[in-house]
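Colleague: Sequence first, predicted model second:
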Amino acid sequence: MLVVLAFVVVVLGVGGYIATQAATGPSGRSGQPRAGGTPSRSGTPTPSPPPPHPSGAMGDYGVAEHRYTFTEHAGATLGNRVLDVIVRYPAVGQAQKSGSQGTSEFPLIVFAPGYRQCSASYNILLREWASAGYVVAAVNFPRTNCYVAKPDEADLVNQPADLIFAAHQLQQISSLSSGPLSGVISSTKVAVAGHSDGGDTVAALAAMSCCRYPGLRAALVLSGAEWPAFAGHWYSAPTPPMLFVQGTADTINPPAASMQLYETDKSGIRYYLQLDNADHLMPYEGDRPPEPIVARVTIAFFDHFLAGDGTTVDAIRHSGDVAGMSKLVGSGVLP
């Protein structure tokens, strides 16, 4: 059954916004968080304290999906920007959301699709992230998405603000007392990820003076580049940990573009995953190789830097080093 709810959300300091949500039912298998405990001296089991986030491995959670439409009043020049946002998130019951089973809010990953791409193209990868314990919100941009008859790539300079707006809206929704996302989204553990032009957008949020998103825990750039139209300076302030993923056979955003981003930052934590003989779309759309490598490395990266669940840097590196297929390097080292 399709349920449609409408509500008005006001964000202080930004203005009035209208948010309309259309809900679809949960899909995927039901997942349960891990449970554990240690015996007390009397022999009575003592529950383990809640973890820093309801951590899990890929596939630990079933995945639910919700669609939202956010209307941003962006001023006289840009007018109203209508953002179609598809949220994939761990399918947990109310008891788990309330924390009674040792769970808490899930970290948020805001995802930016590429030029003339939409969320559905990345469905498998985004659901894999959600199944590992993340809320994944994909933003279909108003002037460059797959349904626009005459897309305007120059609008990319406005996309960083779209991602920030969507993140704030979702955190507002999570703070409500009821609804499918009530109490689900962390207000402090936020990362951004994007592919192609979406990767350019994400790189600007992490490292461009014009567009920096304060408080980011991590940034993932999939075949991205330094978009020249952004006004400001790259890497003029500390950056969050960043992971760049790039195929060697990519002719749309060639390896030199990702390498430029990776090498320019001389002080931040950064990694570069090279995918041998991979093109611009194959590693991120669908489930054929090397997409499984991308899924494993990116989840390990988020587990360590976004969720802080104890995953080691060695685990990230181990996931990325596959003979004849991929190589993971860091700290400016070249693959």
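Modeller: Thanks, I have the structure now. Numbering: from 1, shown residues only.
Colleague: show me the contacts for Asp197.
Modeller: Shown in contact with Asp197 (C-beta atoms under 8 Å, 6 or more residues apart in numbering): Ala112, Gly114, Tyr115, Thr144, Glu153, Leu156, Gln159, Trp227. For every residue, glycine as well, the C-beta is placed using N, CA and C.
Colleague: What separation is there between the spatially closest residue to the fifth one that is not a sequence neighbour and Met242?
Modeller: Spatial nearest neighbour of Glu153, chain neighbours left out: Tyr115 (5.8 Å); criterion: C-beta to C-beta, 6 or more residues apart in numbering. In this structure, Tyr115 and Met242 are 21 Å apart, going by C-beta to C-beta, to the nearest Å.
Colleague: Between these two, which has more neighbouring residues?
Modeller: Met242 (24 against 18; other C-beta atoms under 10 Å).
Colleague: wait, isn't that one in contact with Ser267?
Modeller: No. Look at Met242 against Ser267 with C-beta atoms under 8 Å: they stay out of range, at 11.7 Å.
Colleague: what about the strands in the stretch 101-250 of the chain?
Modeller: 106-112, 135-140, 185-195, 218-222, 242-247 (DSSP state E, counting those that start in this stretch).
Colleague: The first one - what's its average pLDDT?
Modeller: In this case it means strand 106-112. Mean per-residue pLDDT for strand 106-112: 97.
Colleague: again with the last one
Modeller: Computed over strand 242-247, the mean pLDDT rounds to 98.
Colleague: Same check on stretch 158-169?
Modeller: For stretch 158-169, the mean confidence score works out to 96.
Colleague: what residues does it touch?
Modeller: With C-beta under 8 Å, 6+ apart as the test, stretch 158-169 has contacts from 9, 11, 14, 17, 19, 68, 70, 72, 74, 78, 81, 83, 85, 108, 110, 112, 137, 139, 141-142, 144, 190, 192, 197-198, 201-202, 204-205, 208, 210-211, 213.
Colleague: Would you mind naming the residues that bridge with Asn140?
Modeller: In this entry, Asn140 is beta-bridged to Asp84, by DSSP bridges.
Colleague: who touches Ala154 in this structure?
Modeller: Ala229.
Colleague: One more pass at 10 Å, please.
Modeller: Shown in contact with Ala154 (C-beta atoms under 10 Å, 6 or more residues apart in numbering): Arg143, Thr144, Trp227, Ala229.
Colleague: Could you check how far it is from Tyr262?
Modeller: 25 Å.
Colleague: Just the pLDDT at the residue nearest to Pro160 when sequence neighbours are not counted, thanks.
Modeller: Distances taken as C-beta to C-beta, 6+ apart place Cys211 nearest to Pro160, at 3.9 Å, with adjacent residues excluded. Per-residue pLDDT puts Cys211 at 95.
Colleague: And Gly310, by the same measure?
Modeller: So, for Gly310, pLDDT stands at 80.
Colleague: Kindly report the same for Asp84.
Modeller: So Asp84 comes in at 96 (pLDDT).
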